[in-house]
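S.K.: Have a look at this prediction, sequence included:
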Amino acid sequence: MSSVAVLTPESFAEHRSGLKDQEMTGCVPEDEAYIPTYLEAFPPLPEKGAPGEKTGEPASAWGGKIRPIKASVITQVFHVPLEERRYKDNSQFGEGEEAKVCLDIMQRTGAHIELSLAKDQGLSIMVTGKLESVMKARKEIVARLQTQASATVAIPKEHHRFVIGKNGEKLQELELKTATKIAIPRPDDPSANIRITGTKEGIEKARHEILLISAEQDKRAVERLCLEKAFHPFIAGAHNRLVQELSQETGARISIPPPSLPRDEIVITGEKEAVALALSRIRAIYDDKAKSVMVVEVTAPAWLHRFIIGKKGQNIGRITQQLPRVHIEFTDGEERISLEGPTAEVEQAQAQIQEIIKDLVSTHTLSQSVINRIKEQYKVSVRIPQDSERSGLVRIEGDPKGVQLARRELIEMVQRMENERTKDLIVEQKLHRSIIGQKGEKIKEVRDKFPEVIINFPDPSQKSDIVQLRGPKNEVEKCGKFLQKIIADLIENSFSLSVPIFKQFHKNIIGKGGANIKKIREETNTKIDLPTENSNSEMIVITGKKSNCEAARDRILSIQRELANIKEAEVAIPARLHNSLIGSKGCLVRSIMEDCSGVHIHFPSEGSGSDKVTIRGPVGEVEKAKKQLLQLAEEKQVNNFTAELQAKPEYHKFLIGRGGANIRRVRDKTGARIIFPSPDDTEQELITIVGKEEAVRQAQKELECLVKNLDDVVEDSMVVDVRHHRHFVCRRGQVLRELAEEYGGVAVSFPRTGANSQRVTLKGAKDCAEAAKKRIQEIVEDLESQVSVEVAIPQRYHRAIMGPKGCRIQLITREHEVQIKFPERDDSLEAPPQENGDVSPEAEFVAPKCDIITIAGRAEKCEPAKAALLALVPITEDVEVSYELHRYIIGQKGSGIRKMMEEYEVNIWVPQPEKQLDVIKVTGLVANMVRAKQGLLDRVKELQAEQADRALRSFKVILSVDPKFHPKIIGRKGAVISQIRKDHDVSIQFPDKGDEQQVCDAIVILGYERNVEEASQAIQQLVAEWQEMVSRDVHLDPRTHARIIGARGKAIRKLMEEFKVDIRFPQPGSDEPDKVAVTGLPEAVDNAIDHLLNLEEEYMLSVTETETLAAYMKPPSRYGGGGGAGVDDSSGGPAKGFVVLDAPWNAAGNKAPDMSSAEDFPTFGMGVAPKQASAWGPKKF
């Protein structure tokens, strides 16, 4: 019997030709005359220790021991936290700056980099490649993707070369090892500081390594002390203060490895005596801690930790209060609790914690209420073992489905309890309200983001800074990091800045309707608080980020500078004198500011070391304040003497005098500075005198004399005409109160109404009474010289004249020193119409009483006040504006007209649309009307220009184009038509497919006439080209279509672009599957068809060969042929294949396998029991 085998692809052509010859001649070809044996055709692989192997023969290559090859490629993975990421835009992860940076690093270093984004938005980076490439890539990644910090380390200049190493090798190795950039000063640079730039951890490592190198090279004494890492914090102290004090005291340099570096070695360098002293001090600290400190670990399940700590830390707090020197540390995820402290106290704490653990373990954490609920819900019986049984098995009985559900819930509850963790965050209580937000909005967002975490804030009355988080371990960690980020943002945004702005300019800072202040707040992203109207404070407080606050301050100050003649000057005064110049509670500097009205003096913050003092205010007053400040500083430097004097507060104004006349006289006479208390000071009677001792003594004597005279109370009287009494007692005696405040509390008594007496009594200090009497006489003279002027203004304008809260009238009364009285309002009386506010006493009609406003005051001041009052009467003027433009002036939802009214402070009235009037009425003050009218006319010109432009743009051309060309004009995804619109700036509209009323071939083009003509020509040119095109069909074998089209149509698109034709293949299921349509210019179509036919011929060769090879690769059993057909088989079946001699199946007792047998060649999925052993070995199914 012979076997059938398949030829290799290399001899396929030869075999195929042989088969053909065989079929034709029916004989064996010469090249197949020799039949190889089975062992020749299929030589066995050599086996180690095979039978017949001769002793002493060389070992087979297969059996030799293969030496392992060490991999030259390494992989490093490291993590960049969110707060240290340089690029935090996660919207396009993998496509932003991070990806570009990584691609650049890969090209430069040859390493392979993979980025992934963790759940906490941190960046995980995996770098693969050769060791050198990985180290270089890691260094560049840290430098370019991670935020960099910098620090300096000072070592002797002569040690720098040892840090650099031979040819810079040591420095490069150190930079690669720590992933930092180390800058060493040049030899000619006197600085000994080495700057390290990189991550915080890398900086610490690099700093430690550099100090070690310096210590190695230091020719003085070097001591290395190995102490357990746990004792390093005790030696370093809080914030490294203890080790710094040791270094200062001993003069030795002490290098303690950072916590991130797993080293126990402490290096001490310096003079021998200093090193020995530092060494003994460190050993003493260590011995003291080692003897007195005991470290004990208590074993407790991790899920019990929160119960041991207790609600809000009650349990553990009780222990730490009793034993304050014991440090208790819970390790996350580990079943141990560390206790550290004095031996006796640690043992007590250990006993208490073990007692708590015992109580907790003996009490089942599965409460009875939970068990009862599970029983009722799932209709099962739950048995919990007794404490004495010491068993952890819970038995559940009942319906199988209910048992499974109850079991699952119990397991989930236990897992949650074991995985639960409690974490305390230290957050300043003042930030709690900001974290919670208004009505809890902000903390609700955090809770929604982490629904499994319970966040507890302490009660405000407790004054506690601890915020407790409880929940699954991973979620608690994420929530903690998220809250810490929020806290960091709050701290950053809580910077506060106070800006002194003159009170009269606050309204300008606010702007109309708050427009200015709102704009500054939005653009600088700050919170700006202004003092209330009733407050005397001029400080505007700005809160936010420091840079934003400074920007807002500059904007506000620029507004003030524009409004007033404000000057800013800087004075250099030594910082050591600043506190003495400011004085107790700011009394000295406040006295200068009060003396120089409108001036603000700003000293730099304490500790800044700056000598610059800023003075801001009106030009003349700034110079005056500068002179006084320098004089005061000089006095402080030369001779500083201070004296204090007690005087009743009511005497202060009299001592100062009107306009400061009295106190200025004393100052000029003595040269001393006299400071009175401000209303906010607690010591209202204390007057401070500063200057040279002689001047201070003289000023003190002068003031004591004045005060003594004020203490001598006298009673005096004067005569005042009855008709003037009302002026003094009206408005609840305001004039009398002013007299008392100004003249040392003098009491002025007028006779009762109806007494018909002219005698006025004054009681008080002699000087005060005399001064008050003189002032009353001056007032009476003013009253006698006063006149009254009446102004007739219709009462409908009275409210507008008064202004908000009467501010306009108050301004006129202050400026002109007059009194203005408005009449009672009469709603029943209709005032005659007035045109444009033209009111005059000479009018023909008699004005009603409700229109008469009375101005009282000196004659020379009443007329200007009257003119100012009339200027406040609003007038109305008509502006001619075409009706067609009204809606454009109004704007969308009235925005246009509202903007104009706010800008010009007028009222603009547009008539109703149905009236179609060409007039717009503008009402406002005379001063604003000119600007408003001009602004309205300018707007009209703009609209008319836009209207003319719209008319030019409305030129229309209708183009008739065959609808079959419309898709081609539009182009793929509108590319062609969009380009035409863009090139010619026109609008092109095609007819709607579903609209039967439109002309189906009409294309409408709108725009400027020239542009429309050019666009029309462009479309016509395209149509003309398409009309010249022809369409021809070519028959291509469907089996070649896929290869001609290419992947995603790439090949066919390239073909169409090359020949400038359109090629359409038939749809699946078409009646003519081989028909391909080619459209284009005749010559291009012919060339494209020739190319397609050439491609078909080329692809068909490949298709034929593939099909033929597939036919030969199919087993003969698929054609019904037997496995042992000979060369003389004339049944017309397939060829016998490859024949070998001495095959295993030809041995005695064996037979060739029957390929048609289901037993020898079973179908997949069918199992057949073997009948007998085969030469091929046992059959496995």
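M.R.: Thanks, I have the structure now.
S.K.: on contacts alone, who are the packing partners of the helix or strand where Phe162 lies?
M.R.: Secondary structure assignment for Phe162, by DSSP states H and E: helix 160-164. If you count contacts as 3 or more CB pairs under 8 Å, 6 or more residues apart in numbering; DSSP states H and E, helix 160-164 packs onto helix 169-178, helix 200-217. To be clear about C-beta, it is placed using only N, CA and C from the backbone, and glycine gets the same treatment.
S.K.: got a pLDDT number for Glu249?
M.R.: Note on Glu249: pLDDT of 85.
S.K.: actually Leu1093, not the one I wrote
M.R.: 90.
S.K.: tell me which element Val957 falls in.
M.R.: Counting by DSSP H and E, Val957 is found in strand 955-960.
S.K.: so what strands line up beside that strand?
M.R.: strand 1002-1007 (antiparallel) (DSSP bridges).
S.K.: on that earlier part again, would you convert the helices and strands packed on helix 160-164 into TSV that also reports mean pLDDT?
M.R.: Shown next, in TSV, are these (pLDDT from 0 to 100):
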stretch	mean pLDDT
helix 169-178	84
helix 200-217	83
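S.K.: Comparing those helices, which comes out most buried?
M.R.: helix 200-217 (a mean of 20; mean count of other CB atoms under 10 Å).
S.K.: Just the element for Ile977, please.
M.R.: helix 975-984.
S.K.: now for the strand or helix carrying Ile889, which elements pack on it?
M.R.: Assessed by DSSP H and E, Ile889 sits inside helix 886-890. Helix 886-890 is packed against helix 895-904, helix 926-953, with contacts defined by 3+ CB pairs under 8 Å, 6+ apart.
S.K.: Tell me what angle the first one forms with helix 926-953.
M.R.: Okay, so that is helix 895-904. Between helix 895-904 and helix 926-953, the angle comes out at 150 degrees (axes from the mean of the first three to the mean of the last three CA atoms, to 10 degrees).
S.K.: quick check: mean pLDDT across helix 895-904?
M.R.: 84.
S.K.: Could you do stretch 78-88 as well?
M.R.: 75.
S.K.: Quick one: residues in contact with it.
M.R.: By CB atoms under 8 Å, 6 or more residues apart in numbering, the surrounding residues in contact with stretch 78-88 are 96-98, 118, 120-125, 138, 144-147, 199, 481, 485, 488.
S.K.: List the ones among those residues that fall in helices.
M.R.: Counting by DSSP state H, the contacts of stretch 78-88 place Glu97, Glu98, Arg138, Arg144, Leu145, Lys481, Lys485, Ala488 in helices.
S.K.: residues contacting the second one?
M.R.: Neighbour list for Glu98: Tyr87, Leu115, Leu123, Leu145 [criterion: CB under 8 Å, 6+ apart].
S.K.: how about 6 Å then?
M.R.: Tyr87 (CB atoms under 6 Å, 6 or more residues apart in numbering).
S.K.: how far away is it from Met135?
M.R.: 20 Å (CB to CB, to the nearest Å).
S.K.: likewise the first one?
M.R.: Remark: distance between Glu97 and Met135 (CB to CB) = 23 Å.
S.K.: These two: which has the busier surroundings?
M.R.: Met135 (22 against 13; other CB atoms under 10 Å).
S.K.: who does the helix or strand harbouring Met413 touch, helix- and strand-wise?
M.R.: Per DSSP H and E: Met413 is located in helix 400-419. Judged by 3 or more CB pairs under 6 Å, 6 or more residues apart in numbering; DSSP states H and E, helix 400-419 is in contact with helix 368-378, strand 380-383, strand 395-398.
S.K.: Figure out which of these is closest to Phe676.
M.R.: Of all the helices and strands packed on helix 400-419, helix 368-378 sits nearest to Phe676, with 73.3 Å by CB to CB.
S.K.: Going by neighbour count, list what's buried in the closest one.
M.R.: Buried residues in helix 368-378, counting neighbours by 16 or more other CB atoms under 10 Å, are found at Ile371, Ile374, Lys375, Tyr378.
S.K.: would you turn these into JSON lines with distance to Asn456 and pLDDT?
M.R.: Conversion of the buried residues of helix 368-378 to JSON lines gives the following (distance: CB to CB, whole Å; pLDDT from 0 to 100):
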{"residue": "Ile371", "distance to Asn456": "27", "pLDDT": "75"}
{"residue": "Ile374", "distance to Asn456": "28", "pLDDT": "80"}
{"residue": "Lys375", "distance to Asn456": "32", "pLDDT": "80"}
{"residue": "Tyr378", "distance to Asn456": "32", "pLDDT": "82"}
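S.K.: And the furthest pair within these?
M.R.: Ile371 and Tyr378, at 11.3 Å, using CB to CB across the buried residues of helix 368-378.
S.K.: residues shared between the contacts of these two?
M.R.: By CB under 6 Å, 6+ apart, no residue touches both Ile371 and Tyr378.
S.K.: filter the ones in helices among the contacts of stretch 78-88 to the buried ones?
M.R.: Looks like those have Glu98, Arg138, Arg144, Leu145, Lys481 buried, using 16+ other CB under 10 Å.
S.K.: ok, so of those residues, who is nearest Ala300?
M.R.: The closest of those, once distances to Ala300 are taken by CB to CB, is Lys481, at 26.6 Å.
S.K.: wait, what's in contact with Gln684?
M.R.: Pro649, Pro677.
S.K.: same question, Arg555
M.R.: Applying CB under 6 Å, 6+ apart, the residues near Arg555 are Ile520.
S.K.: Mind doing that once more with 10 Å?
M.R.: By CB atoms under 10 Å, 6 or more residues apart in numbering, Arg555 lies in contact with Ile509, Asn516, Lys519, Ile520, Glu523, Thr524, Thr526, Ile528, Ile542.
S.K.: pLDDT and neighbour count added to the residues you listed, as TSV?
M.R.: Below are the contacts of Arg555 laid out as TSV (pLDDT from 0 to 100; neighbours: other CB atoms under 10 Å):
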residue	pLDDT	neighbour count
Ile509	83	21
Asn516	84	17
Lys519	87	12
Ile520	89	20
Glu523	87	12
Thr524	87	22
Thr526	88	22
Ile528	88	23
Ile542	90	24
